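> no FASTA, just this:
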């Protein structure tokens, strides 16, 4: 893991074509800008984790018919 210290307005590079710039530091929050090629997907980690949790939960039930049967049994 690399740990960097940067001030507002300073940047760092990832590879040859991704630049991260510190836009603002205020109240314990940091605003970043990311300049990357359009084919590079950029996601907040918490959104990816939520997506993965949703997929896992959906796979636990199995098919839509199994879900329907489960719902029917809950309301009898």
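Great, that's in hand. No experiment lies behind these values; they were computed from the predicted model shown.

> For residue 54, give its distance to residue 3.
For residue 54, the distance to residue 3 equals 32 Å [CB to CB, to the nearest Å]. Backbone N, C-alpha and C define where each C-beta goes, glycine included.

> Looking at the two, which one has more neighbours?
Higher neighbour count among residue 54 and residue 3: residue 54, with 10 against 4, using other CB atoms under 10 Å.

> ok, and for the strand ranked longest in the chain, which residues are buried?
Ranked by residue count, the top strand of the chain under DSSP state E comes out as strand 18-26. For strand 18-26, a neighbour-count test (16 or more other CB atoms under 10 Å) marks 20, 22 as buried.

> What average pLDDT does it get?
The pLDDT scores in strand 18-26 average 96.

> where do the strands sit along this protein?
Using DSSP E, the strands of the chain run over 11-14, 18-26, 29-35.

> what does the first one rub up against?
Right, strand 11-14. 4, 6, 19, 20, 21, 22 (CB atoms under 8 Å, 6 or more residues apart in numbering).

> residue ranges with poor pLDDT in this structure?
Within the chain, the ranges that satisfy pLDDT under 70 run 57-62, 76.

> Compute the number of surrounding residues for residue 36.
Counted with other CB under 10 Å, residue 36 comes out at 14.

> Please name the residues that touch it.
Contacts for residue 36 (CB under 8 Å, 6+ apart) come out as 17, 18, 19, 42.

> Perfect, that will be all.
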